[in-house]
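A.B. asks: sequence unknown, structure follows:
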């Protein structure tokens with residue numbers, strides 16, 4: 001709520017995030033100000049504009065998510081607390097209450113694996129380097145660009161705790177790491193009687209090792225991992241786990257995939273009885289030849305509906321909920337990737353976002369749509385896209401992008417300017433009606449000249 005009371009502006013909300021969102025709404029829509037990750041304009045009038053009558057906004061999107069795993073590499077690999085404090089405040093202003101929070105998990109891995117007899121030297125061969133962390137977390141590679149120093153692991157565990165403390169103070173529910181089955185190769189030597197699987201190569205890196213879902217070691221290791229993570233970082237009972245994000249499972253048998261889903265969830269639940277699995281739906285789009293209806297249903301139906309949340313990553317271009325029966329009844333979030341690889345490109349599907357998000361909310365086939373989110377692979381560019389999404393969070397009937405872009409131009413520059421407004425209308429009709437990468441000739445990597453023949 002936003003209200004003028006006795007010459008002051010009073011903000012109210014059901015959480016710190018809601019109050020911060022009210023502040024951002026007032027700054028944008030009453031003060032013509034703009035706070036974004038790339039550039040800000042805060043020429044706020046000396047006399048704060050009054051609110052004629054109390055504004056009350058309620059969002060139908062209970063969960064509002066932020067961050068792709070890749071973002072922790074492409075944008076945030078060397079961030080310190082100053083950078084994190086700024087992005088957490090930005091998230092609160094933009095209504096985010098469910099951020100992915102996986103900084104510092106190497107400390108969890110180290111302690112959990114020590115308890116299974118692995119040495120620090122064996123773990124150094126497992127940990128990837130700072131710039132490649134997401135691809136280690138997702139089980140795509142081992143050891144590449146490492147090792148990590150013990151000092152680095154300690155410092156990032158401390159940073160991770162500070163991040164979580166701030167997010168929870170604002171009323172956010174951080175999503176921590178869940179156990180995917182991916183383990184150090186050296187674990188096979190410690191448990192020679194256990195069954196392991198070798199994943200196929202990802203991008204020509206050697207295939208990684210994971211515990212067979214039917215082996216008792218899977219749940220045993222996952223339980224220790226979650227318990228150790230809770231000891232170090234606390235929990236909000238939300239765990240991200242993506243075993244086959246861009247890799248095919250070793251078997252397409254529905255029985256195997258059912259066992260895999262049950263193993264991942266049971267490992268979480270063994271360490272936290274209230275665990276909820278947060279899974280990216282990217283695999284169903286990225287690998288459709290493997291994930292046919294029997295395989296998709298086997299994985300999704302292996303977990304109770306109230307214990308899984310699916311993130312539909314690329315809804316501005318390729319919504320997966322429409323081809324999976326709304327994820328077989330699982331709660332799911334309408335998300336945008338927007339930026340692959342933090343590549344410099346002026347683009348964004350603003351009309352597709354406005355029409356698609358509001359359209360999904362009103363579609364009888366939407367299933368258990370319960371939220372929306374940003375899953376950018378990088379934080380660098382096109383802040384207009386995030387501004388539009390955050391406005392829709394609190395104004396879910398907003399489909400008219402031309403009027404919105406006119407107001408955005410005033411907020412971005414602090415005053416009405418007809419030429420700026422016309423420029424932004426032109427952008428809306430061209431680059432900002434392009435949900436995929438724009439590939440501007442100014443930013444495209446040179447390619448060798450090909451023979452015309």
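C.D. replies: Received the coordinates, thanks. Just so it is clear, the model here is predicted, and its values are computed rather than measured.

A.B. asks: how far away is the most centrally placed residue in the chain from residue 377?
C.D. replies: Residue closest to the average C-alpha location in the chain (C-alpha atoms, centre = their mean): residue 67, at 2.9 Å. Here residue 67 is placed at a distance of 10 Å from residue 377 (C-beta to C-beta, to the nearest Å). C-beta coordinates here come from the backbone N, C-alpha and C atoms, glycine included.

A.B. asks: Residue ranges in this structure under the pLDDT threshold?
C.D. replies: 437-444, 450-453 (pLDDT under 70).

A.B. asks: Mind doing that once more with 80?
C.D. replies: The model of the chain has pLDDT under 80 over residues 244-247, 436-453.

A.B. asks: what about the longest helix in it?
C.D. replies: Scanning the chain for the helix with the most residues, using DSSP state H, yields helix 150-169.

A.B. asks: Just the buried positions in that helix, please.
C.D. replies: Buried residues in helix 150-169, counted by 16 or more other C-beta atoms under 10 Å: 153, 156, 157, 159, 160, 161, 162, 163, 164, 166, 167.

A.B. asks: okay, those residues in a markdown table with distance to residue 189 next?
C.D. replies: Formatted as a markdown table, those follow (distance: C-beta to C-beta, whole Å):
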| residue | distance to residue 189 |
| --- | --- |
| 153 | 23 |
| 156 | 28 |
| 157 | 27 |
| 159 | 33 |
| 160 | 30 |
| 161 | 33 |
| 162 | 36 |
| 163 | 35 |
| 164 | 34 |
| 166 | 41 |
| 167 | 39 |
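
A.B. asks: And those residues, which is closest to residue 133?
C.D. replies: Relative to residue 133, the closest of the buried residues of helix 150-169 is residue 156; by C-beta to C-beta it sits at 9.4 Å.

A.B. asks: Chain neighbours aside, what residue packs nearest to the closest one?
C.D. replies: Nearest non-adjacent residue to residue 156, counting by C-beta to C-beta, 6 or more residues apart in numbering: residue 104, 4.4 Å away.

A.B. asks: count of neighbours near residue 203?
C.D. replies: Residues contacting residue 203 under the criterion other C-beta atoms under 10 Å number 9.

A.B. asks: List the residues that contact it.
C.D. replies: residue 140 (C-beta atoms under 8 Å, 6 or more residues apart in numbering).

A.B. asks: distance of it from residue 247?
C.D. replies: In terms of C-beta to C-beta, residue 203 sits 10 Å off from residue 247.

A.B. asks: Please enumerate the shared neighbours of those two.
C.D. replies: Common neighbours of residue 203 and residue 247 (C-beta under 8 Å, 6+ apart) are residue 140.

A.B. asks: measure residue 260 to residue 17 for me?
C.D. replies: In terms of C-beta to C-beta, residue 260 sits 34 Å off from residue 17.
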